[in-house]
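Peer 1: Could you look at this predicted model? Sequence included:
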Amino acid sequence: MHNKKEACRNFQRGSCQYGERCKFLHVIQQQPKSNAFGFGTQAISHQQQKPNPFGFGVQNNAQSKGVNDFGNKQSQFKNTWTRSSASSGAPSLRQPDNQPQATNHRCNDPESCKRIIAEDFEHERPLWKLTCYSHWKNSPCDIVGDVSYEELRAAAYDDAKRGLSLQSIIERERNLLNSKLVEFENFLRNPYRGPAGSAAAQQIPFPGATTTVLSPTTQNTVAPQSNVPPSVSSFSQLGASLNTGFSPGPSVQSNNASGQPTSFSNSAQSSNVFSANNVPSANAFSFGNQQPNQSVVASFPTNMANFSNSSATNPAINQFSAAAISTQNFSSSSIQSPAFLNVSLSNSEVVGREATNVQLGNNLPTTVASGDSNIWLKEKWTPGEIPEEAPPDAYV
Amino acid sequence: MSTFGAAAANHNPNKSFEVAQPPSDSVSSLSFSPKANFLIATSWDNQVRCWEISRNGTAVASTPKASITHDQPVLCSTWKDDGMTVFSGGCDKQVKMWPLLSGGQPMTVAMHDAPIKEVAWIPEMNLLATGSWDKTLKYWDTRQSNPVHTQQLPDRCYALTVKYPLMVVGTADRNLIIFNLQNPQNEYKRVTSPLKYQTRCVAAFPDQQGFLVGSIEGRVGVHHLDDGQQGKNFTFKCHRDGSEIYSVNSLNFHPIHHTFATAGSDGAFNFWDKDSKQRLKIPIS
């Protein structure tokens, strides 16, 4: 026979089709399994007994324990991964990631990273929206503020116990969802404040090229009038239909003028919506919000018109119908106040407040930085310091 | 969970056996006894129920045995290794120890500042580990009211798996903390999840060489601990239906074959082999 010196790699993977005839050594334990910290020392002996009871690659898994006859059934033993074909449809094993553990992904190629983000948001949006996100595996989150199913549900149950009406619970959740969606939208438009957690509200470190692309869409292109993403239906666990009353409702994104770091977020609000929804929502901030809105509002409409057009073409913002830009209500910040939710959710960061901070500054191009123009860079406006005039174009 | 209109049409497509007197609200966790055929289910209706599962010819029968009540929804459960006692924890921020086989009454053995999401019994240390949304992991000797050790986590605990001496904790914002339980006070390693979205579940390999992580984006990551084995890491997609992307809610290894099952929000469960990177198809008889 052949000189069996080398170990058979297929066998080690559990599926060598040659069996006895194989010209490599059928040994499992080749190198000493270098354990990270001595894990699995017991397990090594297990390894040697595990001759692959399942006949891998076989479609019909006979579940027989030891029976494997490696010699036969050549066609059924595939030692390569398979993309599942039409028969099973959805489940599939992907190509193994050939990239080495990219522990420190720096966005050296921002364009490709942006593409990744756009693709992710296009194709890989999970049904659950209240999630953190990172565009690169093993990298820290670009968008923070996870809320898990159980947390949301526990909060709802708590609220219900305390006597809150179903409607208000739904409202709260809807707001949470919307602010998160806005965050994602913002991120898509403007991913580069240096991904993941860079300091809040700073200038975009990013070259001007992108800003030109992005700037029209920055400030706030769309009035989220009917931005009911279909996924909202996943909230109907509480049994209510959320499709009702979505008209001005969802866009409730109050300013966090007081006490919360606000963000010059990108979604427009109609101030009617504001007053309609924010006030009853017991949001202490809505009060302060109105003011900045009013003052800033008037001067924007013209600018807005441009924005709405450009934004309308951006597929990523579909959910937010561009229709109502004509609402002169440019809200300077429109992220739902997280504090509102603090009541039921333990951590305000759940709502991704930090992330919204981060988003903020990037909307503003890095051009002018004069003294009082800093006002435009401020995340949070206290009533009274809001400038009366429109921001210089550089900041819009 | 409420059924939305027509959704109840076919809720048992595999003709599985349903237990008698099921919970009245969603089931949050299931645990089989390591020693006998007792099944524990915890539910959002605040109850922890126990059934004895037995064969009845070709059919499977379930007999409700006992139940206890918490003040708030119960999120997690586990059996003690002697098969006599059950631990359950949840939104009431407590873990109750219930020596049900000896007919004892439940007692509170652990407390946190926020709901307890995960609980695990570690027989090698004789301690109970609890992970909570208060961002801590605590180890409890059930005879004492104070934790033996409190471990700070970077964020809320979402998932926990123990395969002595490996323990992996998945938290919010995609942190995965790996512990060597021989030295539990120090984090062995902290890894950011290979998946891009919220971590939903983790499962340690039976040979402790690594772990699986499942996320809400219909994807599972296979991660090895040893630096030399990082090339074997990969992720795969599952529980997707067209453009709908469901979350992977649970991962469980077969104790002997080392294949694993995933269960997803699409209402499906699948079996996989990570070494050959395939999905296993089981003929349903």
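Peer 2: Received, thanks.
Peer 1: which parts of the stretch 101-250 of chain A sit against chain B?
Peer 2: Residues of the stretch 101-250 of chain A lying near chain B by Cβ under 8 Å from any Cβ of the partner chain: A:101, A:120, A:123-128, A:130-141, A:144-146, A:148, A:150-151, A:153-154, A:157-158, A:236-237, A:239. To be clear about C-beta, it is placed using only N, CA and C from the backbone, and glycine gets the same treatment.
Peer 1: For ChimeraX, what selects the buried ones among these?
Peer 2: Selecting only the buried entries of those in ChimeraX, with 16 or more other Cβ atoms under 10 Å in any protein chain shown as the criterion:
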select /A:101,120,124,125,126,127,128,130,131,132,133,134,135,136,137,138,139,140,141,144,145,146,148,150,151,153,154,157,158,237
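Peer 1: Show me which positions of stretch A:107-119 end up buried.
Peer 2: A:107, A:113-114, A:116-118.
Peer 1: close enough to count as contact, residue A:22 and residue A:12?
Peer 2: No. With contact defined as Cβ atoms under 8 Å, residue A:22 does not reach residue A:12; the gap is 11.6 Å.
Peer 1: what ranges of the stretch 101-250 of chain A fall below the confidence cut-off?
Peer 2: Low-confidence segments of the stretch 101-250 of chain A (pLDDT under 70): A:101-103, A:193-250.
Peer 1: which residues of it fall in helices?
Peer 2: Using DSSP state H, counting those that start in this stretch, the helices found in the stretch 101-250 of chain A span residues A:110-123, A:149-162, A:166-189, A:208-218.
Peer 1: which of those sits most buried?
Peer 2: Mean neighbours per residue, mean count of other Cβ atoms under 10 Å in any protein chain shown, is largest over the helices of the stretch 101-250 of chain A for helix A:166-189, with a mean of 23.
Peer 1: Which elements pack onto it?
Peer 2: helix A:110-123, helix A:149-162, helix A:208-218, helix A:338-342, helix A:353-362 (3 or more Cβ pairs under 8 Å, 6 or more residues apart in numbering or on different chains; DSSP states H and E).
Peer 1: Show the contacting residues for residue B:88.
Peer 2: B:40, B:42, B:48, B:68, B:70, B:74, B:76-77, B:95-96, B:98, B:119 (Cβ atoms under 8 Å, 6 or more residues apart in numbering or on different chains).
Peer 1: cool, residue A:131 as well?
Peer 2: A:143, A:146-147, A:180, B:197-198, B:216.
Peer 1: Out of these, flag the one nearest to residue B:208.
Peer 2: residue B:198 (25.1 Å; Cβ to Cβ).
Peer 1: Next, the contact list for the closest one, please.
Peer 2: So residue B:198 contacts A:128, A:130-132, A:146, A:148, B:158, B:172, B:174, B:215-216 (Cβ under 8 Å, 6+ apart).
Peer 1: Ok, residue B:142 next?
Peer 2: Per Cβ under 8 Å, 6+ apart, neighbours of residue B:142: B:97, B:109, B:128.
Peer 1: and with 6 Å instead?
Peer 2: Counting by Cβ atoms under 6 Å, 6 or more residues apart in numbering or on different chains, residue B:142 touches B:97, B:109.
Peer 1: Read off the pLDDT value for it.
Peer 2: If you check residue B:142, the pLDDT there is 92.
Peer 1: secondary structure class for it?
Peer 2: The three-state assignment at residue B:142 reads coil, by DSSP: H, G, I helix; E, B strand; the rest coil.
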